[in-house]
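In: starting from these lines, generate the structure:
(2 chains)
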Amino acid sequence: MDELPAMRDPKSALACAAAALVLCLSTAFDSRAATVDDGTWTMPARDYASTRFSPLTQLDTRNVAKLQVEFTFSTGVNRGQEAAPIVVDDTMYLVTPFPNRVYALDLTQPGAPVKWTFDPKVAPAAQGVACCDVVNRGAAYADGRIFFTTLDGQALALDAVSGAEQWRVKLANYNVGETITMAPLVVKGKVLVGNAGGELGVRGWLAALDADSGRLAWKAYSTGPDRDVLIGAAFKPFYPTERGKDLGQTTWPPGAWQTGGGTVWGWISYDPVLDLIFYGTGNPGPWNAEMRPGDNKWSSGMFARDPDDGQARWAYQFSPHDLFDYDAINESVLLDLPWGGSGGMRKVLVRPERNGFVYVMDRATGEVLAADPFVPVNSITHIDLATGRAEYNPAKRPTTGRTTREICPAAPGAKDWNPAAYSKRTGLLYIPHNNLCMDWSPTEVSYIAGTPYVGVDTKFYAGPGGHRGLFTAWDPLRRRVAWQVKEDLPVWSGALVTAGDLVFYGTMDGWFKALDARDGKLLWQFKTDSGIIGQPVSYRGPDGRQYVAILSGVGGWSGAIVVANLDARDETAGGGFANALKDLKQRTTAGGTLYVFALPAR
Amino acid sequence: MSSRCLRASVGATVVAALLACGVAGCDRERREYRAAPAAPGSERPRLTDLQPGGTLAQAPSATGARYEGNAYHINQGSRWFRSFNCNGCHGNGGGSMGPALMDDQWRYGGTIDQIHATILDGRPNGMPSWRGKLTDQQAWELAAYVRALSGNVSKAAAPSRREGMAATPPLTRIKPQPPQSSDPSAQNPPPP
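Out: Residues are numbered from 1 along each chain as shown, chains lettered A, B, ... in the order given. Down below sits the predicted model:
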């Protein structure tokens, strides 16, 4: 792959200046910052810094009220639509949930007709081991190719122009419970893909494939001995608790690391200057923590790695010996912030974490600079900044055969996979998330390959205030909420913020909303045909107009009650989620439609 | 009261109890610890009621009827339901990764014979095949319990208490929901 523009010119401060911003508190790397008005959207997070910030300004707070539907497209699949549409070279690319068909839409023609379709022929049996609906989180474009993954564990490369298959690799084995749902990230000619299946006792990994051939370059496991985890001489974690030999093996009961989870199904960021990738790991298996005494490294934590050889630079556990399915796969938003008041910029990463805290970390070293709760949290009392440890509340420590009640946040966390957005104009992080608490009752469970390895009966319900969702604008510098919108249903869609100071997100009953990025005022909304759990994007069309696109179609863990027709008389149905969303079947029905919006053409 | 009278009264009670048993089914507690092997050549249950050229009757199996009305086997089935991690996919009947079992929607048929076949054969959209991993008797016991989850069980045979977090009502208090032949929630496009 050719050198990316951002690697030649990483000074994103320059980009800020060019945009003539009044306020330029902070900056974010932009992998494709060749021009600030670049209208493409080539990967789900838009840039390597994972900001989901669109530099387009045609749409703004004054004219957004006139936003209207330009065209729609049925994906033909009525399951959870978690993918981000990708836009490059006047073409939009979509990956559907299982059976993971890929559509290329011609944006130069009225109504965006299909240019080509690709059907990867995914094994239907894989649906049986997909924990949380049969979702896919999108494709990635690089160097003339579309890369995507399939539920039955394959990674594929297609020619972006013709849709012809260039290579495919079988990476995961659904017979042991592995699936793949994540969007790949392409870094320096390598396609990064990890597995899912943390509820089935799989062993998590991240693989790097050669973008030209699909050949495996390296594979880093999240558990096990150092040679498997790719921990070597370069490994310099910040905290003493993360230092030692073979911790991925010794922090488990004998052999338990082999079924210990730590899957990699979320987001990866890349810093071209430090030349490091950053990604988190999923929950340890089983959920019943008493069956796995120890810190259970490196589950519910994160790694910084060299993308060339996969060697770990540092690691950190957000929830060591995780008690509550607090996966740590959320996005790392890479920012340069004036931290500590010394005037200098500090290279940090900001993570709105499932365990309820927004972390600000030094991304060169892995030091936690701040960790502040963004919802009511009682499962963890605080994050000790001296040791980096999350201190669990003993009153909420669960034990086998007993039900512990009112644990906050619930297992899907203060925020699940659905990514936040960051605006360098406002300096705010826009977090779409949950307000849920739960009852949690661990049971003994046996490991049977290819079946769930969970061992907990649980049920979720609304947290304090009675609303189940929130959309929060968080100020990472002042370490507090700037503004917040209460949503009745959990917010399971991603967020988008634009240089026109608009934030977009969708609700599980189908409303697509535009808010003023500065104060959260609702400026525009549109009711789509099904609940929204997708990732909004914005791009400039071939006609020069700014478009906003979102997939509508309820599903995912939260929406399984609708698409899988769960029976909420069983309060533990859907891994506990059905209880919190007993009304969802009345609020929305299944769907699978792309909506693309624009201002009326003049 | 003379001892003779007492004997007569005890005898009457026993007779009355036996009569009552005859009504409610004394077999509810009969424990068949080791089942006879499956009869060879027995007819496989149909998975659909669509039959070209008119319908042929298929008698329910005697094995199924025996397990369905037996408290011991249903309780054994509820134990296997957890031991083999069925609850991981189907919850405590409400469904999760797999479909709900306590409602009236059956993708592959809701008779005990069909459920027994589904457990052993697996189904192409994600139900694993347990043949060779379970004994035939365990599969029958599981099928009896799965039937009971939707209330399709004799009150005399259903346990009146649930284990664990009281997620669902006792089986004796679930309204019987006769199986329907299709599942509108199975909206997945047919496999390519």
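
In: in the stretch 51-200 of chain A, which residue sits nearest chain B?
Out: Of all residues in the stretch 51-200 of chain A, the one sitting closest to chain B is A:G128 (2.3 Å; CB to the nearest CB). C-beta: built from backbone N, CA, C; applies to glycine.

In: surely that residue is within a helix?
Out: Yes - A:G128 sits within a helix when classified using DSSP: H, G, I helix; E, B strand; the rest coil.

In: what are the buried residues along stretch A:108-117?
Out: Of the residues in stretch A:108-117, those with enough neighbours to count as buried (16 or more other CB atoms under 10 Å in any protein chain shown) are A:A112, A:K115, A:W116.

In: oh, that last question was meant for stretch A:202-220, not what I typed.
Out: A:202-209, A:211, A:214, A:217-220.

In: end to end on that stretch, go ahead and measure it.
Out: The straight-line separation of the ends of stretch A:202-220 (CA to CA, to the nearest Å) is 14 Å.

In: is chain B contacted by it?
Out: No - contact of stretch A:202-220 with chain B is not found when judged by CB under 8 Å from any CB of the partner chain; the minimum separation is 13.3 Å.

In: need the nearest residue in space to the residue of the stretch 51-200 of chain A closest to chain B, chain neighbours excluded.
Out: Residue nearest to A:G128 in three dimensions, not counting chain neighbours: B:G126, with 2.3 Å by CB to CB, 6 or more residues apart in numbering or on different chains.

In: then A:F235?
Out: Take A:F235 and drop its neighbours on the chain: the residue closest to it by CB to CB, 6+ apart is A:A312, 5.0 Å away.

In: hmm, the one you found is touching A:D228, no?
Out: No - proximity of A:A312 to A:D228 does not meet the contact threshold set by CB atoms under 8 Å, at 11.3 Å.

In: neighbour count: those two, which is higher?
Out: When A:A312 and A:D228 are compared on other CB atoms under 10 Å in any protein chain shown, the one with more neighbours turns out to be A:A312, at 21 against 18.

In: please name the bridge partners of that one.
Out: Note on A:A312: beta-bridge partners by DSSP bridges are A:R305.

In: and for A:F357?
Out: According to DSSP bridges, the partner residues bridging A:F357 are A:P373.

In: just give me the neighbour total for it.
Out: 24.

In: so A:R46 touches A:P536, yeah?
Out: No - between A:R46 and A:P536 there is no contact, the gap being 10.8 Å when judged by CB under 8 Å.

In: distance of the nearest residue to A:D509 once chain neighbours are set aside from chain B?
Out: Excluding the flanking residues, the one nearest A:D509 by CB to CB, 6+ apart is A:R587, at 4.3 Å. In this structure, A:R587 lies at 16 Å from chain B, with CB to the nearest CB, to the nearest Å as the measure.

In: give the contact list for A:R587.
Out: For A:R587, the contacting residues are A:L489, A:M508, A:D509, A:G531, by CB atoms under 8 Å, 6 or more residues apart in numbering or on different chains.

In: all helices for chain B, in order.
Out: In chain B, helices defined by DSSP state H lie at B:3-24, B:62-68, B:71-83, B:86-90, B:112-121, B:136-149, listed in chain order.

In: and for chain A?
Out: Applying DSSP H to chain A gives helices spanning A:5-8, A:12-18, A:226-229, A:247-250, A:556-563, A:577-580, A:584-587.

In: point out where chain B drops to low pLDDT.
Out: In the prediction, chain B carries residues with pLDDT under 70 at positions B:1-27, B:37-42, B:162-167, B:181-192.

In: tell me, what residue is most central in it?
Out: B:A144 (1.5 Å; CA atoms, centre = their mean).

In: give me the beta-bridge partners of the residue nearest to A:I146 when sequence neighbours are not counted?
Out: Across the structure, with CB to CB, 6+ apart as the measure, the residue nearest A:I146 apart from its sequence neighbours is A:L158 (4.6 Å). Counting by DSSP bridges, A:L158 forms beta bridges with A:I146, A:E165.

In: next up, the contacts around A:L158.
Out: The contact partners of A:L158, taken as CB under 8 Å, 6+ apart, are A:V102, A:F118, A:R145, A:I146, A:F147, A:F148, A:A164, A:E165, A:Q166.

In: can you redo those residues as TSV with pLDDT and neighbour count?
Out: Formatted as TSV, the contacts of A:L158 follow (pLDDT from 0 to 100; neighbours: other CB atoms under 10 Å in any protein chain shown):
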residue	pLDDT	neighbour count
A:V102	98	21
A:F118	98	21
A:R145	98	21
A:I146	98	26
A:F147	98	28
A:F148	98	28
A:A164	98	11
A:E165	98	12
A:Q166	98	18
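
In: output these as CSV; include the columns distance to A:V186.
Out: Output for the contacts of A:L158, formatted as CSV (distance: CB to CB, whole Å):
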residue, distance to A:V186
A:V102, 16
A:F118, 18
A:R145, 8
A:I146, 10
A:F147, 6
A:F148, 11
A:A164, 18
A:E165, 17
A:Q166, 13
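
In: nearest to A:I407 among the residues you listed?
Out: Proximity of the contacts of A:L158 to A:I407 (CB to CB) peaks at A:F148, which lies at 36.4 Å.

In: contact partners for the closest one?
Out: Shown here is A:F148, whose contacts under the criterion CB under 8 Å, 6+ apart are A:V95, A:N100, A:V102, A:N136, A:G138, A:A139, A:A140, A:A155, A:L156, A:L158, A:A183, A:P184.

In: mind checking pLDDT for the nearest residue to A:I532 once chain neighbours are set aside?
Out: Spatial nearest neighbour of A:I532, chain neighbours left out: A:G506 (2.5 Å); criterion: CB to CB, 6+ apart. In the predicted model, A:G506 carries a pLDDT score of 98.

In: am I right that A:G244 is in contact with A:I231?
Out: No - in terms of CB under 8 Å, A:G244 does not count as a neighbour of A:I231; the distance is 10.0 Å.

In: out of the two, which sits in the busier spot?
Out: Between A:G244 and A:I231, counted using other CB under 10 Å, A:I231 has the larger neighbour count: 24 against 13.

In: which residues of the stretch 1-150 of chain A fall in strands?
Out: For the stretch 1-150 of chain A, the strands defined by DSSP state E, counting those that start in this stretch cover A:27-28, A:53-54, A:68-74, A:86-88, A:91-95, A:102-106, A:114-118, A:140-142, A:145-149.

In: for these, which one sits closest to A:L276?
Out: The nearest among these, by CB to CB, is strand A:27-28 at 15.6 Å.

In: one step back: ok, now how distant is the residue nearest to the centre of chain B from A:D567?
Out: 19 Å (CB to CB, to the nearest Å).

In: same question for A:N330.
Out: The value you get for A:N330 to A:D567, if CB to CB is used, is 30 Å.

In: quick one: which of these two has more around it?
Out: Each of A:N330 and A:D567 had its neighbours counted (other CB under 10 Å), and the higher figure belongs to A:N330 (29 against 24).

In: could you give the backbone dihedrals for that one?
Out: The phi and psi values for A:N330, taken as degrees, to the nearest 10, are phi -70, psi 170.

In: perfect, I'm done here.
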